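Engineer: Prediction below, plus the sequence it came from.
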Amino acid sequence: MNRDHTTVEVLKRLRRCSRVLITGHRNPDGDCLGSAIGFAELAGKLGIETSIVFRDPLPFGLRELPGAEAVIIAETLPEDFPSHYDLVATMECPGLDRTGFDSLHSVPILNIDHHKANDRFGELNFLDEDSPAAGEMIWRLFEEAPVQPSPQAATALFAALSTDTGDFRYSNATGNAFRAAAEMVEWGADPTLVSELVHERRTLGSVRLLAEALSTLEMHSSNQLAVIEVGPEAFARAGAQGSDTDQIVNLPRSISGVEIVAFLKQTDSGAVRISLRSRGTIDVRSVAVSFGGGGHTNAAGCSIDGDLGTARDALLPGLKALLENN
Ligand SMILES: [Mn+2]
């Protein structure tokens with residue numbers, strides 16, 4: 001297994017590059033996007049050309065995040081890959097397959113991640129599972145370089161940090177998270193803009209889909225486990241897209257006494273995408289991993305083949321057991 005690398009080693013290697021392809025995990029979130037925008041600026045200020053390519057569309061509101069206009073969404077890598085690139089930088093991908101692209105391996109990889117159990121697939125592995133967000137790790141690269149971040153980069157990295165910590169409410173909202181946030185704001189990050197893009201750019205379909213999802217709310221394990229789901233018919237009635245589900249999992253979380261939320265989403269036949277949330281030391285990641293998924297202790301995900309009923313039956317025993325053993 002490859003070893004881990006420090007900020008100094010990452011920067012030393014980066015300075016030898018002239019063209020870097022930046023990518024991240026499928027269904028990119030705020031951390032993935034913000035980290036990529038921040039990393040692109042850092043590399044640019046070191047004299048490196050960059051392209052940012054993601055496999056799936058950006059979260060709706062964050063498409064307006066300054067810097068996001070440079071992101072290419074594509075099913076395949078650029079035509080000049082691999083010949084014109086000397087490094088690939090992956091933002092928070094525990095495994096290389098999480099990018100959704102094949103053949104990235106033909107170029108040396110810089111693997112930047114804060115998830116547990118990263119595969120260490122890079123030539124360089126810049127990993128810190130205690131970091132609140134990949135964006136916070138990129139921020140440390142700016143400091144170490146040292147490179148002065150623009151307000152745009154500071155805002156992108158603030159978006160990364162604030163979305164991954166649930167607006168600084170989750171257990172990863174550590175002192176380091178707040179210290180980094182304070183520095184970002186001092187460098188021109190715009191928390192008001194980030195909050196508006198994350199919370200006040202809902203599509204009509206997503207609000208209608210929320211109503212559909214809430215009508216399915218089921219409580220288990222003495223009301224400690226909340227389960228909601230949306231299937232293809234709900235998407236059709238709401239006029240919603242697969243990406244219109246971003247906020248749904250958060251509402252059942254707010255119910256007093258709820259320790260675990262499971263959100264099941266089936267956009268088409270074949271597989272159900274599961275999002276899990278929990279409180280405190282309840283490790284929903286362990287259940288996600290048992291279905292081939294991953295994530296963090298309090299926020300994890302996986303896919304289960306079949307329809308909603310099949311997925312629910314497969315999933316619930318493991319979640320109930322977590323509450324019994326808690
Ligand atoms: Mn993250």
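Structural biologist: Thanks, I have the structure now. Being a predicted model, the structure only gives us computed values, none of them experimental. Residues are numbered from 1 along each chain as shown.
Engineer: Give the helix, strand or coil label for residue 273.
Structural biologist: strand (DSSP: H, G, I helix; E, B strand; the rest coil).
Engineer: That one: how many residues sit nearby?
Structural biologist: The number of residues packed near residue 273 is 18, by other Cβ atoms under 10 Å. For the C-beta atoms, the positions are set from N, CA and C on the backbone; glycine is no exception.
Engineer: Give the closest residue to it in space, chain neighbours not counted.
Structural biologist: residue 265 (4.8 Å; Cβ to Cβ, 6 or more residues apart in numbering).
Engineer: Of all the residues in the chain, which one is nearest the ion?
Structural biologist: Closest approach between the chain and the ion, counting by Cβ to the ion: residue 31, at 3.4 Å.
Engineer: Isn't that residue up against residue 160?
Structural biologist: Yes. Taking contacts as Cβ atoms under 8 Å, residue 31 lies within contact range of residue 160: 4.3 Å.
Engineer: Assign a three-state SS to residue 264, would you?
Structural biologist: Classified using three-state DSSP, residue 264 is strand.
Engineer: Contact partners for it?
Structural biologist: 227, 228, 229, 230, 272, 273, 274, 308, 311, 312, 315 (Cβ atoms under 8 Å, 6 or more residues apart in numbering).
Engineer: Comparing residue 31 and residue 160, which residue is more hemmed in?
Structural biologist: A count of neighbours by other Cβ under 10 Å puts residue 160 above the other of residue 31 and residue 160, at 34 against 27.
Engineer: Which helix or which strand is home to the nearest residue to residue 217 once chain neighbours are set aside?
Structural biologist: Nearest non-adjacent residue to residue 217, counting by Cβ to Cβ, 6+ apart: residue 228, 5.3 Å away. Per DSSP states H and E: residue 228 is located in strand 225-230.
Engineer: Next secondary structure element downstream of that strand?
Structural biologist: Counting by DSSP H and E, what follows strand 225-230 is helix 232-238.
Engineer: Output the contacting helices and strands for the helix or strand that that next one is followed by.
Structural biologist: As assigned by DSSP H and E, the chain's next helix or strand after helix 232-238 is helix 250-253. When contacts are defined as 3 or more Cβ pairs under 8 Å, 6 or more residues apart in numbering; DSSP states H and E, helix 250-253 sits against strand 225-230, strand 260-265.
Engineer: can you put the ones you listed in JSON lines and add distance to the ion and mean pLDDT?
Structural biologist: Listed next are the helices and strands packed on helix 250-253 as JSON lines, based on distance: least, Cβ to the ion, whole Å; pLDDT from 0 to 100:
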{"stretch": "strand 225-230", "distance to the ion": "23", "mean pLDDT": "98"}
{"stretch": "strand 260-265", "distance to the ion": "18", "mean pLDDT": "98"}
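Engineer: so which of those strands is the most packed in?
Structural biologist: Greatest average neighbour count among these goes to strand 260-265 (a mean of 25), per mean count of other Cβ atoms under 10 Å.
Engineer: From residue 257, how far out is the residue sitting furthest away from the middle of the chain?
Structural biologist: For the chain, the largest distance from the centre (Cα atoms, centre = their mean) belongs to residue 222, which lies 30.9 Å off. Residue 222 is 8 Å from residue 257, where distance means Cβ to Cβ, to the nearest Å.
Engineer: try residue 103
Structural biologist: Residue 103 is 48 Å from residue 257, by Cβ to Cβ.
Engineer: Same question for residue 323.
Structural biologist: For residue 323 relative to residue 257 (Cβ to Cβ), the value is 11 Å.
Engineer: Are there residues contacting both of those two? Which ones?
Structural biologist: Joint contacts of residue 323 and residue 257 (Cβ under 8 Å, 6+ apart) are residue 224.
Engineer: Disregarding residues adjacent in the polypeptide, which is nearest to residue 257?
Structural biologist: Closest residue to residue 257 apart from its sequence neighbours, by Cβ to Cβ, 6+ apart: residue 223 at 5.4 Å.
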